[in-house]
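J.: mind folding the following:
(chains A, B, C and D)
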Number of protein chains: 4
Amino acid sequence: MQETKNVSDNDDRPAGPPSGEAEGGLQARKLLSEDQERDVREVRSNRFETRRVTVPALEEILFEPVPVLDHGFVRVVDYMGDDAAITQAARVSYGRGTKKLREDAGLIRYLLRHRHSTPFEMCEIKFHVKLPIFVARQWIRHRTANVNEYSARYSVLDREFYIPAPEHLAAQSASNRQGRGAVLQGDEAGEVLELLKRGAARAYGDYEHMLNQDEAGNPLDPERQGLARELARISLPINVYTQWYWKVDLHNLMKFLSLRADPHAQYEIRAYADVMIAMLKRWVPTTYQAFQDYVAGATSLSAPALAVVKRLLAGEAVEQAESGLSQREWRELMEQLGRA
Amino acid sequence: MQETKNVSDNDDRPAGPPSGEAEGGLQARKLLSEDQERDVREVRSNRFETRRVTVPALEEILFEPVPVLDHGFVRVVDYMGDDAAITQAARVSYGRGTKKLREDAGLIRYLLRHRHSTPFEMCEIKFHVKLPIFVARQWIRHRTANVNEYSARYSVLDREFYIPAPEHLAAQSASNRQGRGAVLQGDEAGEVLELLKRGAARAYGDYEHMLNQDEAGNPLDPERQGLARELARISLPINVYTQWYWKVDLHNLMKFLSLRADPHAQYEIRAYADVMIAMLKRWVPTTYQAFQDYVAGATSLSAPALAVVKRLLAGEAVEQAESGLSQREWRELMEQLGRA
Amino acid sequence: MQETKNVSDNDDRPAGPPSGEAEGGLQARKLLSEDQERDVREVRSNRFETRRVTVPALEEILFEPVPVLDHGFVRVVDYMGDDAAITQAARVSYGRGTKKLREDAGLIRYLLRHRHSTPFEMCEIKFHVKLPIFVARQWIRHRTANVNEYSARYSVLDREFYIPAPEHLAAQSASNRQGRGAVLQGDEAGEVLELLKRGAARAYGDYEHMLNQDEAGNPLDPERQGLARELARISLPINVYTQWYWKVDLHNLMKFLSLRADPHAQYEIRAYADVMIAMLKRWVPTTYQAFQDYVAGATSLSAPALAVVKRLLAGEAVEQAESGLSQREWRELMEQLGRA
Amino acid sequence: MQETKNVSDNDDRPAGPPSGEAEGGLQARKLLSEDQERDVREVRSNRFETRRVTVPALEEILFEPVPVLDHGFVRVVDYMGDDAAITQAARVSYGRGTKKLREDAGLIRYLLRHRHSTPFEMCEIKFHVKLPIFVARQWIRHRTANVNEYSARYSVLDREFYIPAPEHLAAQSASNRQGRGAVLQGDEAGEVLELLKRGAARAYGDYEHMLNQDEAGNPLDPERQGLARELARISLPINVYTQWYWKVDLHNLMKFLSLRADPHAQYEIRAYADVMIAMLKRWVPTTYQAFQDYVAGATSLSAPALAVVKRLLAGEAVEQAESGLSQREWRELMEQLGRA
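T.: Have a look, this model is predicted:
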């Protein structure tokens, strides 16, 4: 999967080369069944003619699943608009907007800086995502999006569970009630992994037994009726994988990414956000850069914090005690200013 | 509704040829300035290659303004998805969904009948609309959509006002506090038209005078400063035309259409809804048919009304007085059943 | 549904006395810890003075948890408005609206019948709900509501799992891919219950072990660090109970109830909807009656179905084959008309 | 802003007495008809008993219209929750939350600082607002709110138009395409005022003539039918006053206020936002203070701007040319830092 490797790579080494076919193929084999792979190949082979704007860099990876976590993926399945569609809407124009790319970039940056969100709502993107239920539960809190999820009332779930890689098995943080601390070591790590794997295997075994059905859909025991799917699934743990189509406009996508690629977000949802930011870069590169400058990389100073910064710039020595900031806010400000 | 004839006509010949350049050109000349026309021609001449689904019947009219009322229009400027995208999302599928069109149609009809709205949210369409402010104020109440409106704080509005055609100049309805009665006749009609036209002309004259600017943007009197645009516009009447980009998913579009193509809606917004229903037919013909059957053409029976229908079917003679329905509800039911 | 009896009963005596302390106390003991019970008693003992409208029948049960399923509950924790607030908003009035209750009822019924939803959005209610995660996942799809959920990243979940009562342990339906069939009998039922109970117990044991913490919060083994809460929870099954505050306006509450009290909804979420409908009756009795007549008890006839009804009323003998309805739609219509 | 003085003053005396009848009466006489005044007095005289939380400082002004602009007002007609309801929801608690006010304040400030918006959505407020249509058109763009507007299809509009006070009659700004410059002087100002007043008077005269109805509702000429209300109104200018009920949760109210009390917002909508901020202070004083510190008074530094601030703090001399900021961004930053 040449194109998507590029995306993953870019995330870790900014100027890195695209990965080879071989590896891409391997990934794909891990992610999809043969039938699914054939379906993806088929839709990827299509070439239609359109009067709509197209984004070649995004078309390149269209339909192609990009791996996330151990069994998950994100793939773009459709999109509407590009950078120019934003300025076109902002100007309520009849054609394609001005031809001057520099002016367009300036306008996009101005709009984002000044919180003019409606022009960004004029672009739309649709993803197909495979993700553990506990990640889905955080994700769904973003209400301004369209979702259609795989129904475990209607169909049987796959035997796929998220088991963290050893480097992500962390202890409870001592300082942050809602975060992770040091990575677990030695026996404790091994034991936890074992419990997670065994728990998942046992739960899936129970699931099949209650359904009275094997993975191919055949009854296990002709004497038993099999529990309704909507009930059998209630014993599955929240690290079981589900999947959905998720469609969102560009403004709300950036809001999602700014909250979920944030260090305070749980690692597992950040892994998805990171992959999607790379997709954002392919889709709307000018907006992506403005997003990095004004949203992801920006910092907010409270009124009292701004007062402190002004005093510091004036050469004053300021102490927390008389700064108007609480100890916690003072610490946060010093971190923002790189003085921690 | 004469203005929408072009599109409605095309609708009746599903496999028909594109509307001739000549005809399209004629329309465009009525609606657009020369610059605007050139812009539209230019974007319409584009042909890009895409892996995304395309809808040839909709591509045919893409970017082309369809006239509504005296100076308004609707044009489709982008779209995402087609009928098959609905079933694809409903099945959370990897490819294009089944090849069996009949099965897809059955599923679409089932989903709409049973209020499974999320798969319909997976299609999106973007319109450019020119419309009087009083219509815009009804339209904007549909909150589940994205809008970017032309700013009269930033730019000067055109000298275009909605003046009803004589056949739409109706008296206040006597029976419906919120509706129209008979068409005005004779002197009264003429006088009303005259007042509307004179009022609009005078208001636009005042507007230019306060702006101290002619239509070309030149100062009228170098001695005067000119009132700020955001203030000068407050004297314009609500039949002045504005315009916006409006983007919505298919589910919410159908909700909009079902409410605004309804006989209870004001004629002027219905005129827009009617044109957009013809566009819906081009875009997603299977969904369009289901919409006609299960939404637009459907009727709701209250619990007591259903009881009456059952008694009637059983051969009973039912009177309003003992029907459990108020006189008004009884009258509404008799109309629904074609017995009024 | 035995558990909700208490509330339903009260509903049938509109002017009835408050539920006795004894009974309330009994309920509370089953549902809440001693600390929680004391907190509820305390807030229930408050009496404040207000100029806002109050609804005595709802105040009566305010803060009181009503049991649902085996460990769940719903309780109303706040509300805004009453039946009169709807007509007051519809009339954009300065005072309390007309004094004529009959007129108000007529207006409410008219508004609901004709889908004028905005006046109903002017009332708001806030619930505290304890519910299994798989129910929460269906519930959260209703996006037009405010939610704040208990965080299992921040706190440890209780050892409470939904285990269906034997009469709800049903086989997969043969006719409806998304529903339940006959109740499981004999050994199969017993075995399923056993698997569900054992699975839950084992999962919670693993959870505590990975957290390295007992229910009181003490470390089990001082040598181990304990896995972060946000990871330990991923092994818990989706029948574990969570809880949230859920706040919604009256229009969207009725939409939720009409979809979730519907026979097509899964039994477990219906159990919640049923209890909340009884609360709706206490809160806005006139709207409740209109809801029963025009929404919950109403039926929709498609355009072709309406044509069939008209022919039947005219005395024609109509057959499915020439009715314009599919077999499935024909069957549905005959059921609607009580002719199945 | 003279009109809001009454409320602002009250704001500064937190435990102060209710505004005197006399003063209230004076205001009311300017704003309301006698019937409306009587209605307001009546609802204000109510005293009900409730178990819900109440906010005495807000009850004090409940239902009382506060003047805005020349004929407009805002009044609070209902509310749900208080500061403690936010922490109660954040903790998903059974009772009233902790008794320690300082802890609650710390939590509220933490939640707002870290963009945890859902607990703030647990409070709700309902306003009755009288405002010019052009203000209503900006206001309605905030979609996450409930609105019910006075219908000019159903009823006749009052003869009330917004005419700016002389000090608000400003010229178009030369530097900001979307803003105002210097106040108009002398003849130009007088002429503009005259045009606005005459235009409004003429438009209302035409309106009545087309309706064929005087303000009391009597036909002017028995020979004429009168144009339907939904058409006659289209000739009224956008400075005519309308009114609505507007209901919103606390999170979205703060978002509205942060955008509409901003200096970039048009003066006329800012006048409303300012009055509502004073109401926010009465309702949830702790949240109000956090809002001032972290939202209204806060400033955002882009990634490149933050880099400049760090260099400045390290004692470097930084020039725009090599700062990574555009000239416009550099100017904005210097203003933020008070160095402009």
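J.: report the contact partners of residue A:246.
T.: With contact set as Cβ atoms under 8 Å, 6 or more residues apart in numbering or on different chains, residue A:246 has these partners: A:126-129, A:139, A:145-147. The C-beta positions use only the backbone N, C-alpha and C, and glycine is treated the same way.
J.: from those residues, which two are the most distant?
T.: A:126 and A:139 (14.8 Å; Cβ to Cβ).
J.: quick one on the thing from earlier: and which of the contacts of residue A:246 is nearest to residue A:315?
T.: Closest to residue A:315, out of all of the contacts of residue A:246 and judged by Cβ to Cβ, is residue A:139, at 47.3 Å.
J.: pretty sure the closest one is touching residue A:269, no?
T.: Yes. Contact between residue A:139 and residue A:269 holds when scored by Cβ atoms under 8 Å: they sit 6.5 Å apart.
J.: so which bits of the longest helix anywhere in chain A are buried?
T.: When chain A is scanned for its longest helix (criterion: DSSP state H), the result is helix A:186-211. Buried residues in helix A:186-211, counted by 16 or more other Cβ atoms under 10 Å in any protein chain shown: A:188-189, A:192-193, A:195-196, A:199-200, A:202-204, A:206-211.
J.: please apply the same query to stretch A:306-319.
T.: Neighbour-count burial for stretch A:306-319 [16+ other Cβ under 10 Å]: A:306-310, A:312, A:318.
J.: restrict those residues to those that also contact chain D, please.
T.: A:306, A:309-310, A:312 (Cβ under 8 Å from any Cβ of the partner chain).
J.: just those residues: which are in helices?
T.: Judged by DSSP H, those include A:306, A:309-310, A:312 as members of helices.
J.: I'd like the residues you listed as a markdown table, with pLDDT and distance to residue C:284 appended.
T.: Below are these laid out as a markdown table (pLDDT from 0 to 100; distance: Cβ to Cβ, whole Å):
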| residue | pLDDT | distance to residue C:284 |
| --- | --- | --- |
| A:306 | 96 | 48 |
| A:309 | 96 | 52 |
| A:310 | 96 | 54 |
| A:312 | 95 | 57 |
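J.: and which of the residues you listed is nearest chain B?
T.: Nearest to chain B among these, counting by Cβ to the nearest Cβ, is residue A:306 at 28.7 Å.
J.: how about the nearest residue to that closest one, chain neighbours excluded?
T.: residue D:299 (5.4 Å; Cβ to Cβ, 6 or more residues apart in numbering or on different chains).
J.: how close does that neighbour get to chain B?
T.: 24 Å (Cβ to the nearest Cβ, to the nearest Å).
J.: what's the neighbour count on that residue?
T.: Residue D:299: 18 surrounding residues under other Cβ atoms under 10 Å in any protein chain shown.
J.: do the same with residue A:291
T.: Neighbours of residue A:291 under the rule other Cβ under 10 Å: 24.
J.: next: residue A:185.
T.: Using other Cβ under 10 Å, residue A:185 is surrounded by 12 other residues.
J.: chain center to the helix or strand that residue A:138 is a member of, what's the gap?
T.: Per DSSP states H and E, residue A:138 falls inside helix A:133-139. The chain centre lies 11 Å from the centre of helix A:133-139; the measure is Cα atoms, centre = their mean, to the nearest Å.
J.: quick one: residues contacting the residue in the stretch 151-300 of chain A that chain D sits nearest to.
T.: Proximity to chain D, evaluated over the stretch 151-300 of chain A using Cβ to the nearest Cβ, is greatest for residue A:297 at 3.0 Å. Counting by Cβ under 8 Å, 6+ apart, residue A:297 touches D:302-303, D:306.
J.: can you list those in CSV and add distance to residue D:85?
T.: Shown next, in CSV, are those (distance: Cβ to Cβ, whole Å):
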residue, distance to residue D:85
D:302, 35
D:303, 37
D:306, 36
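J.: so which of the residues you listed is the closest to residue B:88?
T.: Closest approach to residue B:88 among the contacts of residue A:297 (Cβ to Cβ): residue D:303, at 39.1 Å.
J.: might one say that the closest one is in contact with residue A:295?
T.: No. Counting by Cβ under 8 Å, residue D:303 does not reach residue A:295; the two are 9.3 Å apart.
J.: look up the closest residue to residue A:224, ignoring the ones flanking it.
T.: Ranked by Cβ to Cβ, 6+ apart and with sequence neighbours excluded, the top spatial neighbour of residue A:224 is residue A:212, at 4.5 Å.
J.: residue contacts, the one you found?
T.: Listed by Cβ under 8 Å, 6+ apart, the contact set of residue A:212 reads A:219-221, A:224-227.
J.: try it again at 7 Å.
T.: A:219-221, A:224-226 (Cβ atoms under 7 Å, 6 or more residues apart in numbering or on different chains).
J.: that older thread, immediately after the longest helix of chain A, which helix or strand?
T.: helix A:229-232.
J.: near chain D, which residues of chain A show up?
T.: Contacts of chain A with chain D, taken as Cβ under 7 Å from any Cβ of the partner chain, map to A:292-294, A:297-304, A:306, A:309-310, A:312-313, A:337-338.
J.: returning to that earlier point: other SSEs contacting the helix holding residue A:138?
T.: Counting contacts by 3 or more Cβ pairs under 7 Å, 6 or more residues apart in numbering or on different chains; DSSP states H and E, helix A:133-139 is packed against helix A:267-283.
J.: can you do 8 Å?
T.: Using 3 or more Cβ pairs under 8 Å, 6 or more residues apart in numbering or on different chains; DSSP states H and E, the elements in contact with helix A:133-139 are strand A:241-249, helix A:267-283, helix C:133-139.
J.: with mean pLDDT added, can I get the ones you listed in TSV?
T.: TSV is the format used below for the helices and strands packed on helix A:133-139 (pLDDT from 0 to 100):
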stretch	mean pLDDT
strand A:241-249	97
helix A:267-283	98
helix C:133-139	98
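J.: that older thread, tell me which of residue A:126 and residue A:139 has more neighbours.
T.: residue A:126 (23 against 19).
J.: report the buried residues of the helix or strand harbouring the more buried one.
T.: Assigned by DSSP H and E, residue A:126 belongs to strand A:124-132. Neighbour-count burial for strand A:124-132 flags A:124-132 (criterion: 16+ other Cβ under 10 Å).
J.: on that earlier part again, my read is that the residue nearest to residue A:306 contacts residue A:301, right?
T.: Yes. Assessed by Cβ under 8 Å, residue D:299 is found in contact with residue A:301 at 5.2 Å.
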